[in-house]
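Trainee: prediction below, plus the sequence it came from.
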Amino acid sequence: MSVSVVIRTHDEAPRLRLTLASLKRQERLSEVVVVDDGSTDATANVIAEAETFLPITRLRHPQARGRSAASNAGARAASGKILIMLDGDTPVGPGFVAAHANAHDGGDVIGRGACFNLRCTRFLYDPEQAIPFPHCQERLLRLGNAERERMRVTRADIEHNFASIERRAQPGIYPGLGPARLAEIEMHALRHHPDCDVLWAAATGSNQSVRRDSFLAAGGFHEEMTINEHRELALRLTAHGSRMRPVEQARCYHLTHRSGWRSPFEDTRWEALFWARHPLPEVALMSVLWASLSDHPAIRPEHRILSLPALAVAAHCARNVTARSAAEFRASLGLKESFA
């Protein structure tokens, strides 16, 4: 089946250059749809460079519309039967596209690959040239030349020495204990608990594949959501018969740009939007899962949820949850009020 990689990007030109380089020799790649979501940097030039070695379809939004709207626009413009969603700052490993394509030979699936991060890039605006973000210049200058050199991620590394990138990678889309544990339990559930009722919660925003016709029929991503839009879509798709499947050989490597993750149990607007469509106990308990994995100090041991099967059990025991009771339970655990 034909495969389109859909990349959403906004003001990350040096990182996008590395991501596009990682797609250069991918087998079974039909098209790369790049959605420039209102960038004001050199993104247009980077896309033009890549057009010399990739089958690119480019879209440009004069004003940024957000992650979900950009991905939806890319999906509509794509020609492939299979879509692989990817962020502009996430190079992929060898065999990435073929692994996703093979996963769809068995029917209507949602393919989930393994996500890693390159913590070494978090201070760098341009990881290839080791150019720091303005607010990191003094910190980077205090490092020695050898240390700064080790932080670089180059196109030569990606095209000819990918093993050097893999050696520096850590599990999880962001650095830290919580993201690493989350990546571990998600992939474990996909591998060993294929009948788990909440496998949709193992969806990821980058390194995920889906049939284009299923994506469009479901209406794509919820365009007001900027966190967990991929899980909300996966919930809708699995409710209509799609199956979550691990894609073992599809690995992506996030070029990090911050020290921690964008905490889904601190930034809670997504929950109100998610709950409005899906007033389910498993939705109410997702942030408890993430807080448990991050060792949130207010979560007592008896309230911790440490796996997706445990989330399914906890949800089954709370079938009569309401928005009010969910908010009260969160408050009792020391988490921010939500579901308003």
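Mentor: Perfect, thanks for sending it.

Trainee: which parts of this protein are strands?
Mentor: Here the chain has its strands, by DSSP state E, at 3-9, 31-37, 56-61, 82-87, 109-118, 124-126, 131-132, 170-171, 208-211, 243-255.

Trainee: ok, residues contacting the helix ranked longest in the chain?
Mentor: If you go by DSSP state H, the chain has its longest helix at helix 177-192. Helix 177-192 is contacted from outside by 112, 114-115, 117, 170-173, 196, 199, 201-202, 204, 244-246, 261, 290, 293-295, 306-309, using Cβ atoms under 8 Å, 6 or more residues apart in numbering. The C-beta positions use only the backbone N, C-alpha and C, and glycine is treated the same way.

Trainee: just the buried residues out of those residues, in ChimeraX syntax.
Mentor: In ChimeraX, this line selects whichever of those come out buried by 16 or more other Cβ atoms under 10 Å:
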select :112,114,115,117,170,171,172,173,196,199,201,202,204,244,245,246,261,290,293,294,307,308,309
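
Trainee: contacting residues for the residue lying closest to residue 243 once chain neighbours are set aside?
Mentor: Spatial nearest neighbour of residue 243, excluding adjacent residues (Cβ to Cβ, 6 or more residues apart in numbering): residue 109 at 5.0 Å. By Cβ under 8 Å, 6+ apart, residue 109 lies in contact with 103, 211, 242-245.

Trainee: among the residues you listed, which pair sits farthest apart?
Mentor: Largest separation among these by Cβ to Cβ: 211 and 244, giving 13.2 Å.

Trainee: domain parsing of this protein, as residue ranges.
Mentor: 3-119+170-255, 269-332 (automatic domain parsing).

Trainee: pull the helix or strand with minimum mean pLDDT from this structure.
Mentor: None of the helices or strands of the chain scores lower by mean pLDDT, DSSP states H and E than helix 323-332, at a mean of 74.

Trainee: that older thread, and the domains of the chain, which one averages the lowest pLDDT?
Mentor: Lowest mean pLDDT within those: domain 269-332, a mean of 85.

Trainee: end to end on it, go ahead and measure it.
Mentor: Length of domain 269-332, first residue to last, Cα to Cα, to the nearest Å: 19 Å.

Trainee: check contacts around the nearest residue to residue 286 once chain neighbours are set aside.
Mentor: In space, and not counting its chain neighbours, residue 286 is closest to residue 201: 6.3 Å by Cβ to Cβ, 6+ apart. Counting by Cβ under 8 Å, 6+ apart, residue 201 makes contact with 186, 231, 234, 282, 286, 289, 308, 311.

Trainee: against residue 141, how distant is residue 201?
Mentor: From residue 201 over to residue 141 the distance is 42 Å, taken as Cβ to Cβ, to the nearest Å.

Trainee: try residue 88
Mentor: Relative to residue 141, residue 88 is positioned 27 Å away (Cβ to Cβ).

Trainee: residue 7 too?
Mentor: From residue 7 across to residue 141, the span is 33 Å (Cβ to Cβ).

Trainee: higher neighbour count, the two?
Mentor: Neighbour count, other Cβ atoms under 10 Å: between residue 7 and residue 141, residue 7 has more, with 26 against 9.

Trainee: name whatever forms a beta bridge with the more buried one.
Mentor: Beta-bridge pairing for residue 7 (DSSP bridges): residue 34, residue 86.

Trainee: from residue 157, how far out is it?
Mentor: From residue 7 across to residue 157, the span is 20 Å (Cβ to Cβ).

Trainee: please apply the same query to residue 236.
Mentor: Relative to residue 157, and taking Cβ to Cβ, residue 236 is found at 38 Å.

Trainee: for residue 215, same thing?
Mentor: In terms of Cβ to Cβ, residue 215 sits 33 Å off from residue 157.

Trainee: go on, residue 10?
Mentor: Distance from residue 10 to residue 157, by Cβ to Cβ: 24 Å.
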